[in-house]
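J.: Below is the sequence, then the predicted model.
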Amino acid sequence: MAVNLESITEATSGAIGALLSTTILYPLDTCKTKYQAEVRTHGQQKYRNLSDVLWEAVSKRQVLSLYQGLRTKNLQSFISQFIYFYGYSYFKRLYLRRSGAKSIGTKANLIVAAAAGACTAIVTQPLDTASSRMQTSAFGKSKGLLETLSEGSWSEAFDGLGISLLLTSNPAIQYTVFDQLKQRVLKSKQSNKAGTEASQEALSAFSAFVLGAVSKSIATFLTYPAIRCKVMIQAADQEEDGTKEAKRKSRRPRKTMSGALYAIWRKEGLLGFFKGLQAQILKTVLSSALLLMIKEKITKTTWVFMLALHRYLLVTRTRLKTAQ
């Protein structure tokens, strides 16, 4: 029971951190996604830089549309982070128990993180696809979750799943780097505090923020071409601004990773694979750093709450058995 309780604590802390960081940075995420989804046509492009997306929302008096799809994104973030942190924590403890090792190595950590990421991607892919379509819809014309998903077939709700599975390497790299850096920082703290166990230590908010930023920057740079392809695959069709009758007559072609790669190469060249990299790093680094900072600060509180809840349930179960 101790293993499950610790895993649930990690999952809950991570999910709450994801929820808060997603909400705080959502307008930036919307601008980034719309900027990434655009492919240059005939040498022209609507957005020359990230600020153009923001200016469009302001000029059209649709600033609140920067939050379109927020509820879906929050739902997806909460569920995905809960599943990821639960899976990561559970698989990590399972490995340590089976192997008898005191700490997990880099290779094993990558495998554990990738396995947790794969489970997360499969479960939350429809929500991920829906939120991307909402963000890339024209300002003020985004639809609700059910309507967005019902526009296409069930298989289309899983658009980009292959790339999502490939991108499990992103959080795998991120959390492996973060954990390794964290262990070194905590060991350094322990050496300066005699009699204090490293497991009882927690990173300061500033340390967690910095380590989160560094680890996410490395992971984002290494996987960015796949990230942009995924956004393009999941993006709302530009023709959606047309009439419903026009949309009925023309079925949108199925988007594939090879098609997205070819479109970028043909229209934008090699540098096109890294269009929006700065915006992606800014958003993901801030988001990841905030997530890990919040998680580190609330983990102890969550653990105390989980212990109290566990004891309460045990006492209640014992009383019920006694009453019977």
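T.: Looks like it came in fine.
J.: Tell me, please, the helix or strand in this protein that averages the lowest pLDDT.
T.: Within the chain, confidence by mean pLDDT, DSSP states H and E is lowest for helix 244-249 among all helices and strands, at a mean of 46.
J.: Just name whatever secondary elements the helix or strand that that helix is followed by is in contact with.
T.: Counting by DSSP states H and E, the next helix or strand C-terminal to helix 244-249 is helix 257-268. Judged by 3 or more Cβ pairs under 8 Å, 6 or more residues apart in numbering; DSSP states H and E, helix 257-268 is in contact with helix 205-234. Glycine gets a C-beta too; all of them are placed from N, C-alpha and C.
J.: 10 Å - rerun?
T.: When contacts are defined as 3 or more Cβ pairs under 10 Å, 6 or more residues apart in numbering; DSSP states H and E, helix 257-268 packs onto helix 161-166, helix 205-234.
J.: contacting residues around it?
T.: Here helix 257-268 makes contact (Cβ atoms under 10 Å, 6 or more residues apart in numbering) with 39-43, 45, 160, 162-163, 166, 225-226, 228-233, 235, 253, 255-256, 270-275.
J.: at 6 Å what do you get?
T.: The contact list for helix 257-268 (Cβ atoms under 6 Å, 6 or more residues apart in numbering) reads 39-40, 163, 229, 232-233, 272-273.
J.: Show me the shaky parts of the stretch 151-300 of the chain.
T.: Applying pLDDT under 70 to the stretch 151-300 of the chain flags residues 153, 192-202, 238-254.
J.: how does it look with 90?
T.: Scanning the stretch 151-300 of the chain for pLDDT under 90 picks out 151-222, 232-300.
J.: helices or strands up against the helix or strand containing Ile111?
T.: Using DSSP H and E, Ile111 sits in helix 106-136. On a contact count with 3 or more Cβ pairs under 6 Å, 6 or more residues apart in numbering; DSSP states H and E, helix 106-136 meets helix 26-37, helix 70-99, helix 145-150, helix 161-166, helix 169-192.
J.: mind giving me TSV with the helices and strands packed on helix 257-268 and columns for mean neighbour count?
T.: Shown next, in TSV, are the helices and strands packed on helix 257-268 (neighbours: other Cβ atoms under 10 Å):
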stretch	mean neighbour count
helix 161-166	19
helix 205-234	20
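J.: okay if I get those helices as TSV plus distance to Ile83?
T.: Listed next are the helices and strands packed on helix 257-268 as TSV, based on distance: least, Cβ to Cβ, whole Å:
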stretch	distance to Ile83
helix 161-166	13
helix 205-234	19
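J.: measure the residue positioned nearest the centre of the chain to Ser217 for me?
T.: Taking Cα atoms, centre = their mean, the centroid of the chain lies closest to Ser77, which sits 6.1 Å from it. Distance, Ser77 to Ser217, by Cβ to Cβ, to the nearest Å: 20 Å.
J.: Count the residues that sit near Asp29.
T.: Asp29 has 24 neighbouring residues, counting by other Cβ atoms under 10 Å.
J.: how about it, what does it touch?
T.: Contacts of Asp29 (Cβ under 6 Å, 6+ apart): Lys283.
J.: do that again at 8 Å, thanks
T.: 22, 73, 135, 283, 287 (Cβ atoms under 8 Å, 6 or more residues apart in numbering).
J.: which of the residues you listed has the most neighbours?
T.: If you count neighbours using other Cβ under 10 Å, the busiest of the contacts of Asp29 is Gln135, which has 28 neighbours.
J.: just to revisit the earlier point, among the helices and strands packed on helix 257-268, which comes closest to Ile16?
T.: helix 205-234 (14.4 Å; Cβ to Cβ).
J.: Now do that closest one: distance to the chain's middle.
T.: On the basis of Cα atoms, centre = their mean, to the nearest Å, helix 205-234 sits 9 Å off its chain's mean C-alpha point.
J.: by how many degrees do it and helix 169-192 diverge?
T.: Angle, helix 205-234 to helix 169-192, by axes from the mean of the first three to the mean of the last three Cα atoms, to 10 degrees: 180 degrees.
J.: which stretch among the helices and strands packed on helix 257-268 comes nearest Gln180?
T.: Nearest to Gln180, of the helices and strands packed on helix 257-268 and by Cβ to Cβ, is helix 205-234 at 8.8 Å.
J.: So which elements touch that closest one?
T.: Packing partners of helix 205-234 (3+ Cβ pairs under 8 Å, 6+ apart): helix 26-37, helix 106-136, helix 161-166, helix 169-192, helix 257-268, helix 277-323.
J.: Among those helices, single out whichever gets nearest to Gly17.
T.: In terms of Cβ to Cβ, the element of the helices and strands packed on helix 205-234 nearest to Gly17 is helix 277-323, at 3.8 Å.
J.: Show me what that closest one is packed up against.
T.: When contacts are defined as 3+ Cβ pairs under 8 Å, 6+ apart, helix 277-323 sits against helix 2-24, helix 26-37, helix 205-234.
J.: quick one, the longest one and helix 26-37 angle?
T.: Orientation of helix 205-234 against helix 26-37 (the same axes, to 10 degrees) gives an angle of 40 degrees.
J.: and the helices and strands packed on helix 205-234, which is most packed in?
T.: The highest average neighbour count among those, using mean count of other Cβ atoms under 10 Å, belongs to helix 26-37 at a mean of 23.
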